[in-house]
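Q: Here is a sequence with its predicted model. Questions after.
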Amino acid sequence: MVTARSNGETITASEGIDTPTSTRSLFGRFRRSTDPGPQVTDLDDHTFAAASNGCATVVDFWAPWCNPCKQLHPLFEARAAAHAGSGVQFARIDVDQNPTTAATFGIMSIPTIVVLDADGVEVDREVGMPSKRRLEQLVRSARSVTPATATVPGTGGAS
């Protein structure tokens, strides 16, 4: 219980002072939402091959030490949110932890974004930090090769 003394008066938490466990916060409106929304799937060497699920996939090859990669994450997540339910899946793979997949795709620089069709065949690629416009072009490229019946697990149908 929190108590405060002011001018000889004792005020307890039940009399209007928020406790640390309270859900109210002065800065609460500035905090990011904890709801992940549409997810960008983190893949590894073992899960990569099975991850397409018959969907076109936009894959971000990145590493934790790469500053442009870290700058790309919010943009990539925003594109995933904007295209939720479109039948396009968004994924990322850490090249340091998963060198086999990175070598399979010939990833020599990061960030690299690769667009795969529903069969896992590469249809587009961007090496380096893409502009918002180029990132949107990559997503449109993925949408153009998405089967009409494709659905991303955890979302609705294709639009």
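A: That came through fine. Numbers count the residues shown, from 1 in each chain.

Q: and the helix of greatest length in the chain, which residues are buried?
A: In terms of residue count, the longest helix belonging to the chain (DSSP state H) is helix 67-82. Residues of helix 67-82 classed as buried: Cys69, Leu72, Leu75, Phe76, Glu77, Arg79, Ala80 (neighbour count, 16 or more other CB atoms under 10 Å). From N, CA and C alone the C-beta is placed, and that goes for glycine too.

Q: Same question for stretch 47-66.
A: Buried residues in stretch 47-66, counting neighbours by 16+ other CB under 10 Å, are found at Phe48, Ala51, Ser52, Cys55, Ala56, Thr57, Val58, Val59, Asp60, Phe61, Trp62, Cys66.

Q: Show the average pLDDT along that stretch.
A: Stretch 47-66 comes out with an average pLDDT of 88.

Q: same check, this time on stretch 105-119
A: On average, stretch 105-119 scores 94.

Q: Output that stretch in CSV with nothing but the alpha carbons.
A: Provided in CSV are the C-alpha atoms of stretch 105-119 (Å, rounded to 0.1, in the frame of the first residue of the first chain):
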residue,chain,number,x,y,z
PHE,A,105,19.7,-17.8,-52.0
GLY,A,106,23.2,-16.4,-52.5
ILE,A,107,22.8,-13.7,-49.9
MET,A,108,26.0,-11.7,-49.9
SER,A,109,24.8,-8.4,-48.5
ILE,A,110,22.1,-7.4,-46.0
PRO,A,111,19.4,-6.4,-45.8
THR,A,112,18.2,-8.3,-48.8
ILE,A,113,14.5,-8.8,-49.5
VAL,A,114,13.5,-11.7,-51.7
VAL,A,115,10.1,-12.3,-53.1
LEU,A,116,9.1,-15.9,-53.6
ASP,A,117,6.1,-17.3,-55.5
ALA,A,118,3.8,-20.0,-54.0
ASP,A,119,6.3,-22.7,-55.2
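
Q: what does that stretch rub up against?
A: Residues outside stretch 105-119 that contact it (CB atoms under 8 Å, 6 or more residues apart in numbering): 52, 54-63, 66, 68-69, 72, 76, 95, 122-130, 135, 138, 141-142, 145-147, 150.

Q: next one: stretch 124-132
A: Outside of stretch 124-132, the residues within contact range by CB under 8 Å, 6+ apart are 68, 71-72, 75, 108-109, 111-115, 134-135, 138, 141-142.
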